[in-house]
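# Next one to model:
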Amino acid sequence: MAQATTRVNVNRLFADTFETHSPNANPANLRIQAGVLLLFLISLFSSGCSKKQDDLLLINDAMPSESSLVVDPEKDAVSDQVAAMIPEQERSSEKTFDVVTVAATTTALPDRGPDVAALIEAAAKKTNGPVFESWRNPKLVLVITGELNGYIEPCGCTGKENQKGGLSRRQNLLRSITQCGWPLISFDLGGQVRRFGRQSEIKFQSVADGLRAMGYAAVGFGPDDLRLPAEEVVAAVASVGNQPTPFVCANVGLLGLDAKITPRYRVVEMSGMRIGVTSVLGDSFIKDIHNDAVEIIPAAEAIATVSESLQKANCTHQILLSWATPEESRALAARFPQFDIVVTAGGADEPPAQLPLLPGGRSRLVELGHKGMFAVAIGFFDDANNPVQTQRIPLDARWGESRDMIRLLGTYQSQLERLGLAGLGLTPVNHPTGRRFAGSTSCTECHSDEHAKWIETSHSSALKTLQELSPRRDSDPECLSCHVIGWAPQRYVPYEGGFMGMKSTPHLAHNGCENCHGPAAAHAAVERGEVRASDAEQERLRSELILEINTPEGRTKATNNCLECHDLDNSPQFDFDTYWPQVEHSKEKSTTTPTTP
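Numbering: from 1, shown residues only. The predicted structure follows:
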């Protein structure tokens, strides 16, 4: 059983604390000692691997003074935090304090990310289940991910603690496994993006860089990846210096199969085991790729070509990354039974708790869920009774955030900011009503009570929340679409006359009235007397903006309108009856008389 030891040496910690009746007790020392103990406990339960305590030994007062703690703000995070508690006049890089020796012999499990507190891990475990509880000393661990679908990070609008996914958490998962001393190889099915356009091209490059940084051994292609311009894909996946590309595919050739920009298979050796891997794009998806610079052959034909090479490599295990329907993947597994692990696209929203065995009882089918919310781990053990174990891993708050991936995300956001909306090729589209937007301040004169209620809600500061994030997200169309007026939330494009930036359209900042009631420029102009209209026309313009919730039809329309932004990705706990009271306002027009020019 793997062992890890945590040791802290502090002579007579809390000597004064336990003798507070003494007139010689020093209040400053009490604060310092309390801080040392608190930070020790935090550090004990906040590493990348949990520590299951076997014994706890307290050394007596006779311990030599050399083992005393030196408070050095430059040394490490714990001493830095302790030093911050010490009154300035008492600080010294040479100052020592009495401590107690605590030796905790532990067994390491990767159940949370580095520096994540035990309480956060416990909350995630209660919500999404434990991980790796029965695992002890695997000989090798395979972690499989995929179907990111453009979700490079969770939205975070309702709190990341309520959401799953993201490259940042994924890297911390992988680091936690390696920090526990478990040999690790990572694979990704592919499917990094879900749309095309300049933003998706930049995102694909960013994800590819992230997968390299995480040390992935093999990465496949999804159909949306291959709809991007071939030159952009080549630039993202090509080898960098002496570092080979992690991308592997048997039946897809960027600039042609003979160009050999990506290998058709790979063999990875670790812990005395040889893992052979290849990937394919399923035949049902090939017809959707209209890219003359990409050569694709049938999946089975390609596998037949590489399978002989994998057999000659004497692989301990063979993996097929199959971006295909589950039915196609099952058929390929039956035709090529040497693959004992077959990863498929298109499964359920969540991977099954236990990987199913395919007919024949040797091969396992791996489903990954969608939007990168889960990873699946397969462990190999020197245990004749239980040689293979599997684990579904929710990428939730227990893994924390990786600084490396946050920096990568910052670079991605900086690229979007430099290009701007025009540089990203976003062309405004017509609103279904054909009307234009006025901005929420235009509603104030006649609807003062409703406007005052709006000011109290988070809708009125929606853009500000993006501006205050680190890195900022206010140049990201996928974020802007629900944080400003006049965008199509599910299409990530502006409507004609919608928000295009704080310089040109500051009056359309934040999530305002017209996102629910519809564009109101014509209505506002008539009410202010800027445009003449008949009584019937004025009444029509008013009625078009009424959103009724007291009828089944009106309530359904209002709820669906909310769900444009409060969807399962951004607001998984959304319930109209719970949320509506927070923004409730009367449909009746205020009695305030509008000012006319």
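# what kind of secondary structure is Gln171 in?
Secondary structure, DSSP: H, G, I helix; E, B strand; the rest coil: Gln171 is helix.
# Relative to Ile341, how far out is it?
23 Å (CB to CB, to the nearest Å). Placement of C-beta: from N, CA and C, glycine included.
# How about Val237?
As judged by CB to CB, Val237 and Ile341 stand 23 Å apart.
# same deal with Gly215?
Gly215 sits at a distance of 19 Å from Ile341 (criterion: CB to CB).
# More neighbours: which of those two?
More neighbours surround Ile341 than the other of Gly215 and Ile341, with 24 against 13 (other CB atoms under 10 Å).
# Mind pulling the model confidence for the more buried one?
The score at Ile341 is 98. That number is its pLDDT.
# now the one 5 residues further on
We note a pLDDT of 95 for Gly346 in this prediction.
# wait, it sits on Thr325?
Yes. Here Gly346 reaches Thr325: they are 4.9 Å apart, a contact under CB atoms under 8 Å.
# where do the strands sit along the stretch 251-400 of the chain?
Per DSSP state E, counting those that start in this stretch, the stretch 251-400 of the chain carries strands over the ranges 252-254, 266-270, 273-281, 294-296, 317-323, 341-344, 364-367, 374-380, 388-394.
# got the contact list for the first one?
It stands for strand 252-254. 221, 226, 230, 233-234, 237, 259-262, 280-281, 293-296 (CB atoms under 8 Å, 6 or more residues apart in numbering).
# Check the last one too.
The contact list for strand 388-394 (CB under 8 Å, 6+ apart) reads 124, 128-129, 131-132, 134-135, 138, 143, 164, 173, 350-355, 364, 373-381.
# Paired strands for that strand, with orientation please.
strand 374-380 (antiparallel) (DSSP bridges).
# which of the residues in the partner strand are buried?
Phe374, Ala375, Val376, Ala377, Ile378, Gly379, Phe380 (16 or more other CB atoms under 10 Å).
# With Phe187 as the reference, measure out to the residue lying closest to the fourth one once chain neighbours are set aside.
Right, Ala377. Spatial nearest neighbour of Ala377, excluding adjacent residues (CB to CB, 6 or more residues apart in numbering): Gln391 at 4.4 Å. Using CB to CB, we find Gln391 at a distance of 15 Å from Phe187.
# neighbour-wise, which of these two wins?
Neighbour tally, Gln391 and Phe187, criterion other CB under 10 Å: the higher count belongs to Phe187, 28 against 22.
# which residues does that one bridge with?
Beta-bridge partners, per DSSP bridges, of Phe187: Ile144, Ala218.
# And the buried residues of strand 374-380, which is closest to Gly498?
Using CB to CB, Phe374 comes nearest to Gly498 of those, at 35.4 Å.
# Report the contact partners of the closest one.
With CB under 8 Å, 6+ apart, Phe374 has these contacts: Thr145, Lys164, Glu350, Pro351, Leu368, Arg392, Ile393, Pro394, Leu395.
# looking at the sheet around it, what are its partners?
Assigned bridge partners for Phe374, using DSSP bridges, are Pro394.
# Please parse this structure into its domains.
Per the record, the chain has its domains at 4-109, 118-410, 426-583, by automatic domain parsing.
# Kindly compare burial across those and name the winner.
Each of the domains of the chain was scored by mean neighbour count; the highest is domain 118-410, a mean of 20, by mean count of other CB atoms under 10 Å.
# how long is stretch 287-303 from one end to the other?
19 Å (CA to CA, to the nearest Å).
# quick one, which of the domains of the chain is nearest to Leu419?
Across the domains of the chain, Leu419 has its closest neighbour in domain 118-410 (6.8 Å, CB to CB).
# Span of the closest one from start to end?
28 Å.
# Equivalent analysis for stretch 544-560, please.
17 Å.
# How about stretch 351-362?
For stretch 351-362, the end-to-end distance is 19 Å (CA to CA).
# Ok, stretch 237-254 next?
Length of stretch 237-254, first residue to last, CA to CA: 10 Å.
# go on, stretch 479-495?
15 Å.
# average model confidence for it?
pLDDT averaged over stretch 479-495 gives 95.
# ok, residues contacting that stretch?
In contact with stretch 479-495 (CB under 8 Å, 6+ apart) are residues 155, 157, 195, 199, 421, 426-431, 437, 439-440, 462-463, 465-466, 473-474, 477-478, 497-500, 508-512, 514-515, 519, 564-565, 567, 570.
# What is the longest helix of the chain by residue count?
In the chain, with assignment by DSSP state H, the single longest helix is helix 403-423.
# Show the average pLDDT along that helix.
Rounded mean pLDDT across helix 403-423 is 96.
# residues in contact with it?
152-153, 166-168, 170-171, 198-199, 202-203, 206, 209-210, 213, 424, 470-473, 475-477, 494, 500-501.
# so after it, what's the next helix or strand?
Per DSSP states H and E, the first helix or strand lying C-terminal to helix 403-423 is helix 448-456.
# what's the helix or strand for the nearest residue to Pro130 once chain neighbours are set aside?
Nearest residue to Pro130 in three dimensions, chain neighbours excluded: Asp111, at 7.0 Å (CB to CB, 6+ apart). Per DSSP H and E: Asp111 is located in neither a helix nor a strand.
# if I read this right, Asp111 contacts Ala122, doesn't it?
No. Here Asp111 does not reach Ala122: they are 9.9 Å apart, not a contact under CB under 8 Å.
# quick one on the thing from earlier: closest one to Phe285 out of the contacts of Phe374, please.
Within the contacts of Phe374, the smallest distance to Phe285 is 16.1 Å, found for Leu368 (CB to CB).
# show me what contacts the closest one?
Leu368 sits next to Ile144, Thr145, Gly146, Glu147, Leu189, Val343, Ala345, Gly347, Pro351, Phe374, Ala375, Val376 when contact means CB under 8 Å, 6+ apart.
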